[in-house]
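Student: please find the sequence and the predicted model below.
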Amino acid sequence: MGVPRETLRELYLKMAQTRRFEETAARLFTEGKVHGTAHFCIGEEATGVGVCSALAPEDLIAQTHRGHNQAIGKGMDIRRMMAEFLGKETGYCRGRGGCMHIADASVGSLGANGIVGGGIPIAVGAAFAQNYRGQDAITVCFFGDGAANEGAFHEALNLASVWKLPILFVCVNNYYAMSTHLSLHMNIKDISVRAKSYGIPGFSLDGNDVVAVYTATLEAKKRILENGPELMVLNTYRIMGHSKSDPQTYRTRDEVEAWKKKDPLLLFRNRLVEAGEFLASDLDALDAQAARDVAEAVEYAESSPEPKVEEALQDVLA
Amino acid sequence: MGVPRETLRELYLKMAQTRRFEETAARLFTEGKVHGTAHFCIGEEATGVGVCSALAPEDLIAQTHRGHNQAIGKGMDIRRMMAEFLGKETGYCRGRGGCMHIADASVGSLGANGIVGGGIPIAVGAAFAQNYRGQDAITVCFFGDGAANEGAFHEALNLASVWKLPILFVCVNNYYAMSTHLSLHMNIKDISVRAKSYGIPGFSLDGNDVVAVYTATLEAKKRILENGPELMVLNTYRIMGHSKSDPQTYRTRDEVEAWKKKDPLLLFRNRLVEAGEFLASDLDALDAQAARDVAEAVEYAESSPEPKVEEALQDVLA
Amino acid sequence: MREMTYAEAIREALSEEMRRDESVFFIGEDIGVYGGAFGVSKGMLAEFGPKRVRDTPISETAIVGCGVGAAMAGLRPVVEIMFSDFVAVAMDQIVNQAAKARFQFGGQFSVPLVIRTPSGSGTGAAEQHSQSLEAWFVHTPGIKVAVPSTPADAKGLLISAIRDPNPVLFLEQKLLYRTKGEVPEGDYTVPFGQAAVRREGRDVAVITYGRMVARCLEAAQAAAAEGIEAEVLDLRTLAPMDREAIIRTVKKCGRVLIVHEACRTGGVGGEIAATIADSEAFFWLDAPVRRLCGEDTPIPYNRNLEDSIVPRVPGITEEILRLARREASWPRA
Amino acid sequence: MREMTYAEAIREALSEEMRRDESVFFIGEDIGVYGGAFGVSKGMLAEFGPKRVRDTPISETAIVGCGVGAAMAGLRPVVEIMFSDFVAVAMDQIVNQAAKARFQFGGQFSVPLVIRTPSGSGTGAAEQHSQSLEAWFVHTPGIKVAVPSTPADAKGLLISAIRDPNPVLFLEQKLLYRTKGEVPEGDYTVPFGQAAVRREGRDVAVITYGRMVARCLEAAQAAAAEGIEAEVLDLRTLAPMDREAIIRTVKKCGRVLIVHEACRTGGVGGEIAATIADSEAFFWLDAPVRRLCGEDTPIPYNRNLEDSIVPRVPGITEEILRLARREASWPRA
Ligand SMILES: Cc1ncc(C[n+]2csc(CCOP(=O)(O)OP(=O)(O)O)c2C)c(N)n1
Ligand SMILES: Cc1ncc(C[n+]2csc(CCOP(=O)(O)OP(=O)(O)O)c2C)c(N)n1
Ligand SMILES: [Mg+2]
Ligand SMILES: [Mg+2]
């Protein structure tokens, strides 16, 4: 597959962790343990994991509201993610942000954003800083197909293109903006053509193929450090509802079932086994590890203290 | 030229009126008769005049801050324009808006906008209304090269493309956004490629050729009523400074001189005479008429009353 | 009378207006099949079809701008912004375009645009989905602001808003969507600029609006148990603001407590306090003018934190009692 | 001491900080060769080069967003928005991003971003280029707001702003750019949250900021000729606001006039009035709390109209005298 075995292992484990993390989070919801909302990326794990695993620690990412794969991909701590999900003091945002706002400065995550498209200009600013300092690093900016219709997308890509900033724009195209199908929110089929408006390279690929995503990111990073921004569109699908309260009346069961057959984790497993890179039992072991990690995270989160009400007004200002 | 003689006459007269209007307005500035600012389109007359002359009364336009040509093209009354410029009660906006905000509901102008790009979504709404009512009419939305970098541009074109609204987006590319050359604010040379982001036709043409602009608009309108929005880029040049207080340190005299040779009024005159459509003396007569019209407008404006201070708070709400 | 929820009342108002007037249409994100993030428009696509109930791309500037332009061209758009926090994304179209168009064009156009949007905290949706931003628009000449507190008002104010020739920001109270109340059938309006006395009293005037009205009524009830009669005034619309009603209740009670969910500093409470302090009501004041508002902080995710920063019944009750008993201690700053 | 203009003082502050600290850079529309719409950055491109003084496309969302991201990544961006009205175009980045980032990420990031922008009317630039929008941001927790009224403050406050770890909206007063004043050399700061008594008095406390300070001083002078001594307090920063100084001056004078250019309803004057009315100062009040502010209207183009809607010296003087003489008549609403 042209990728070291250790990397394949890492990709698989992170995807399995993401999957297990979200399945568990969804269960916690049903159990009424969570106040708020969450957006799950089940079915899209290959995008965030593939991209972020190709990055170096000094590379930065700007995440979306549907970014557990991005977070785990970049090396965030599942325990603190789960703690944030449960609103605990030990969470990444001390329970202030919830999973729509997880961030981890220590691994280079500038945070997830609750404003669709809101993180795109911020990512450009981060890439500006890397460029300004002469760093050998890039910023990766994630956003959805829906976000590509926000004005912020346009302004940010244009600015990055003019200044040739080291940034990879990653559009995670799951064909829906909430309930609105791509065909109802854009008059184009291939989002990567939007790169032309900025005179930068744009390309689309199968977002459910983690190896392809990983490899494309590695290569893009090299080019970006030389020539400036690129737009990469990862075509994938959201298997779950948009958020916890989605009746899913806007799509057919058949459509969902068809995509379930392209489950990125399953595809990757089969491919790894077929290619003889891993035994099925190796992967079972990784699945088991993911399950243990997440279970441990839940334990950590549940046993963590609530934020103190007396400290509610902290951190409004530095 | 494939255009009726009467139309050629109208195009020439409107361009001459625009030119004279602005030269006169500039003089009034120097004489200290104007409080505020103004943006002149000298050198760009063929754009607004060419486009708007191709429209029907029920077609609507959204103007820019640099839109005297658009206003005169659509048939606005020069006297009330001048009165507005001087802040008089008889002006189009009763002296409330100034020339950055002239509008004329009666001829289908939705007004000029002081927010760069701010009028683009509004034009989309007007086209929505035409479409909603099943009217056989289009909206023309003017904006500059600089405005094409605002998020509003992107959102508006996308929305219009999804809903196939009857709108012609006209980018008046004079190669500068204030002091900033196109090459410093965009990473592309041909703005019309941006149409691809919305799956709509986009094309560029010589914005100093009024006949080409007029003809292209007529044809575009027909297509638009069938198929939805298009983006037309008119390449031209601003001969004057950006606004009254522009030191013009950002461009060379040579550049300006080169463009002066492509003066749209002069080009048109020569062409009309060469083609034998008009005698030079016919055109001299039109120039004289334009001069008379503008002189009369100044007289009208100067002799018009100031708005009453007691009425300052009128029209905040309907 | 029939009971219905606040969300149903809004849907009824909008639907009735759309039946009555062909020029009314409705656009926004996921308002069609999905029925809106809070289900307000459920079923409307089926009744009115995609010509009049139209899903948009995620483009708040274009959504509001489309409303402005369509309104200038003679239609009566109702646009939904999914959460009121996102008005920030469309701010230019709201304040520089919709609110200015009539004035800056010398009265040539009117802009009969309604922007409906859910406002407020309490759902665990955190900083960017929980704000109460009415103060920005109360400070913007050229736009009206409604904050209905009951299903009946929601319907009557929305009908008024749709028929108003001016832009209206219609701030729906997220946490009220499922609350029920009596709602008149058919065509009626609640006029803008008329506050409602929700409870008569004589000791303390409580001035409030939106979702805090219910909390203030509960607190007044609790205070009554202690022999203190609070009058509760629901402003209903903030622009125009019923200054006469404010002055009247203050003159009657002599003590005043202003309550809102939005954060204190720079909030509408300041405008109310200033209205009182710069009017004849000043001479009737027996005590300083108290404000009990949201804390000056973004809204946190954690439920306890989130609850703690917005006025609650016990706190409101306490303030009423302290005011009535002249026990209030006035902070230096 | 040297005299320089307000614009020069700003340029000096920014230039000195850029010399001192490599992490400070400056971006905005036409700030390079053109030197900014008001000439504030003239010559800076020549000194610092296009790496650190960079013209942008017309993309206010991206400009501010770039500042937010660069700040989160450790730089100290100063961004210019050409007219303060255009903050509406970038509103999401300012209020939902810059002002929230620290809190919502649990304190992991700070956002040392300065947004410089010219504010106010008086130039004939009409509705969309003349607003005074400070109140929106005073109501936004997580961002500071400065409104310098003198060249010396402009420099000292800007240096403070650049060194502040938080986002700061720095509202320059368009009509003050060419006014001159003494400005200390070199490195000094004016702290945020400290108002300045610009004139001592005992009869009427005039509380103001920005370009109205000079008008209030002139009015105080005129009132002095009639034997009335007004104290003039310049708030200098509105967030944080020096509430102690407000209370102090009110307690001293017993009567108070609040003056600002921004339109009255929902303006910062409400917050000031509420601060007074809900503090111990209330008990020192001899008269209602007066506000003299811009009218509730968009700013018109015509010079007479434009002048007429903003407080002027004669009007301010008259209010001071009426307050002092207990002649004020309090409107009903
Ligand atoms: C400015 C803004 N508008 C609308 C929303 C509500 N919203 C949250 S996620 C979402 C859909 C986003 O679609 P997309 O960008 O494709 O990402 P996906 O959810 O599919 O991952 C919407 C409309 C928001 N959070 N912010
Ligand atoms: C939102 C906004 N940003 C900036 C400005 C200031 N401004 C006015 S005109 C202009 C240049 C516009 O360039 P372009 O769109 O190319 O039009 P042109 O002036 O060349 O006709 C700028 C920056 C503005 N009025 N509105
Ligand atoms: Mg999507
Ligand atoms: Mg231009």
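Tutor: Looks like it came in fine. Remember, it's a predicted structure, so these values are computed and weren't measured experimentally. Ligands and ions are numbered 1, 2, ... in the order given.
Student: residue 226: neighbouring residues, count only.
Tutor: Just going to use chain A. A count of nearby residues for residue A:226, using other CB atoms under 10 Å in any protein chain shown, gives 9. Where you see a C-beta, it was placed from the backbone N, CA and C, and this is true even at glycine.
Student: nope, chain C please
Tutor: Neighbours of residue C:226 under the rule other CB under 10 Å: 11.
Student: that one and residue C:322: what is the separation?
Tutor: 11 Å (CB to CB, to the nearest Å).
Student: then residue C:270?
Tutor: Using CB to CB, one gets 21 Å for the distance from residue C:270 to residue C:322.
Student: neighbour-wise, which of the two wins?
Tutor: Neighbour comparison, residue C:270 and residue C:322: the larger count goes to residue C:270, with 31 against 18 (by other CB under 10 Å).
Student: surely that one is in a strand?
Tutor: No: Residue C:270 is assigned helix when assessed by DSSP: H, G, I helix; E, B strand; the rest coil, not a strand.
Student: now it. Nearest residue, chain neighbours left out?
Tutor: Spatial nearest neighbour of residue C:270, chain neighbours left out: residue D:270 (3.2 Å); criterion: CB to CB, 6 or more residues apart in numbering or on different chains.
Student: surely that neighbour and residue C:278 touch.
Tutor: No: counting by CB atoms under 8 Å, residue D:270 sits too far from residue C:278 to count as a contact (9.8 Å).
Student: let me see the ranges of the strands in the chain.
Tutor: Picked chain A for this. A:60-63, A:109-112, A:139-144, A:167-173, A:176-177, A:180-181, A:202-206, A:230-235 (DSSP state E).
Student: oops, wrong one, chain C.
Tutor: C:3-5, C:24-28, C:53-55, C:76-80, C:114-119, C:144-146, C:168-173, C:180-182, C:196-199, C:204-208, C:230-234, C:237-239, C:256-263, C:289-294.
Student: can you show me the helices along the chain?
Tutor: Answering for chain A, as no chain was given. Along chain A, the segments classed as helices by DSSP state H run A:5-30, A:45-53, A:68-74, A:78-85, A:119-132, A:151-163, A:182-185, A:210-227, A:253-260, A:264-274, A:280-303.
Student: actually, chain C is the one I wanted.
Tutor: C:6-20, C:44-52, C:60-72, C:91, C:99-104, C:134-138, C:151-163, C:212-225, C:243-253, C:268-277, C:303-308, C:313-324.
Student: and the first one, what's buried?
Tutor: Put plainly, it is helix C:6-20. Using 16 or more other CB atoms under 10 Å in any protein chain shown as the test for burial, helix C:6-20 gives C:6-18.
Student: state the distance from the closest residue in space to residue C:120 that isn't next to it in sequence to residue A:312.
Tutor: By the measure of CB to CB, 6+ apart, the closest residue to residue C:120 outside its immediate chain neighbours is residue C:174, 4.9 Å from it. Distance of residue C:174 to residue A:312, computed by CB to CB: 20 Å.
Student: of those two, who's got more company?
Tutor: residue C:174 (25 against 20).
Student: if I look at the residue in chain A positioned nearest to chain B, how far off is residue C:101?
Tutor: Chain B sits closest to residue A:151 of chain A, with a gap of 1.7 Å, by CB to the nearest CB. Per CB to CB, residue A:151 is found 20 Å from residue C:101.
Student: quick one: which of these two has more around it?
Tutor: Taking other CB under 10 Å, residue A:151 and residue C:101 do not tie; residue A:151 has more neighbours (33 against 29).
Student: which residues does that one contact?
Tutor: A:117, B:150-155, C:59, C:61, C:89, D:61 (CB atoms under 8 Å, 6 or more residues apart in numbering or on different chains).
Student: what about 7 Å?
Tutor: Under the criterion of CB atoms under 7 Å, 6 or more residues apart in numbering or on different chains, the neighbours of residue A:151 are B:150-152, B:154-155, C:61, D:61.
Student: that one - nearest residue in space that isn't next to it in sequence?
Tutor: The nearest residue in space to residue A:151 (CB to CB, 6+ apart) is residue B:151, at 1.7 Å.
Student: hey, which of the helices of chain C is tucked in deepest?
Tutor: Of all these, helix C:60-72 carries the top mean neighbour count, a mean of 32, counting by mean count of other CB atoms under 10 Å in any protein chain shown.
Student: what lies in contact with it?
Tutor: Contacts for helix C:60-72 (CB under 7 Å, 6+ apart): A:151, B:110, B:121-126, B:128-129, B:151-152, B:155-156, B:159, C:27-28, C:56, C:77, C:79, C:81, C:86, C:89-90, C:92-94, C:97-98, C:101, C:109, C:111-113, C:115.
Student: 6 Å instead, please
Tutor: The contact list for helix C:60-72, computed with CB atoms under 6 Å, 6 or more residues apart in numbering or on different chains, reads A:151, B:110, B:121-126, B:128-129, B:152, B:155-156, B:159, C:56, C:77, C:79, C:86, C:89-90, C:93-94, C:97-98, C:109, C:111-113.
Student: using TSV, lay out the helices of chain A together with distance to residue B:136.
Tutor: Shown next, in TSV, are the helices of chain A (distance: least, CB to CB, whole Å):
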stretch	distance to residue B:136
helix A:5-30	52
helix A:45-53	46
helix A:68-74	50
helix A:78-85	56
helix A:119-132	40
helix A:151-163	31
helix A:182-185	26
helix A:210-227	48
helix A:253-260	39
helix A:264-274	50
helix A:280-303	62
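Student: not counting sequence-adjacent ones, nearest residue to residue A:58?
Tutor: Distances taken as CB to CB, 6+ apart put residue A:137 closest to residue A:58, at 4.2 Å, once the chain neighbours are dropped.
Student: burial measure for that neighbour, as a count.
Tutor: Neighbourhood size, residue A:137 [other CB under 10 Å]: 21.
Student: how near is it to residue A:130?
Tutor: 5 Å.
Student: I'd say the residue nearest to residue C:120 and residue C:121 touch.
Tutor: No: using CB atoms under 6 Å, residue C:174 is not in contact with residue C:121; the gap is 8.1 Å.
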